[in-house]
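Colleague: the amino acid sequence is not available; the structure is as follows:
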């Protein structure tokens, strides 16, 4: 929920430690949740979960076609979410 402009990602100083809250934490640890809309609490105890509506809003706002995530192991090696607009 902390990302309003894609430039914010470029402005993250690297290398760095991942904080417990904030933009970098959310980019790395937020998870899709098909049972909810909007943002919710994450069972990991860090960051948030997000519903398909968040993906659609993000893609529309930033004129993108797909979100690609890579920090979570899924059964078949990849998994789609939000009508194939996000892939893990």
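Modeller: All right, it came through fine. Predicted model, so just to flag it, every value in this text is computed and none were measured.
Colleague: chain center to the helix of greatest length in the chain: distance?
Modeller: Assignment by DSSP state H gives helix 52-62 as the longest helix of the chain. From the chain centre to the centre of helix 52-62 is a distance of 11 Å (CA atoms, centre = their mean, to the nearest Å).
Colleague: tell me the first helix or strand C-terminal of it.
Modeller: For helix 52-62, the succeeding helix or strand toward the C-terminus, using DSSP states H and E, is strand 67-68.
Colleague: quickly run through the sheet partners of that next one, with directions.
Modeller: strand 86-87 (parallel) (DSSP bridges).
Colleague: outside of the strand it pairs with, which residues touch it?
Modeller: The contact list for strand 86-87 (CB atoms under 8 Å, 6 or more residues apart in numbering) reads 32, 55, 66-69, 78-81. Where you see a C-beta, it was placed from the backbone N, CA and C, and this is true even at glycine.
Colleague: farthest-apart pair in those residues, please.
Modeller: Largest separation among the contacts of strand 86-87 by CB to CB: 55 and 78, giving 15.7 Å.
Colleague: that older thread, selection in ChimeraX covering whichever of the contacts of strand 86-87 are buried, please.
Modeller: Here is the ChimeraX selection string for the buried members of those, based on 16 or more other CB atoms under 10 Å:
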select :32,55,67,69,81
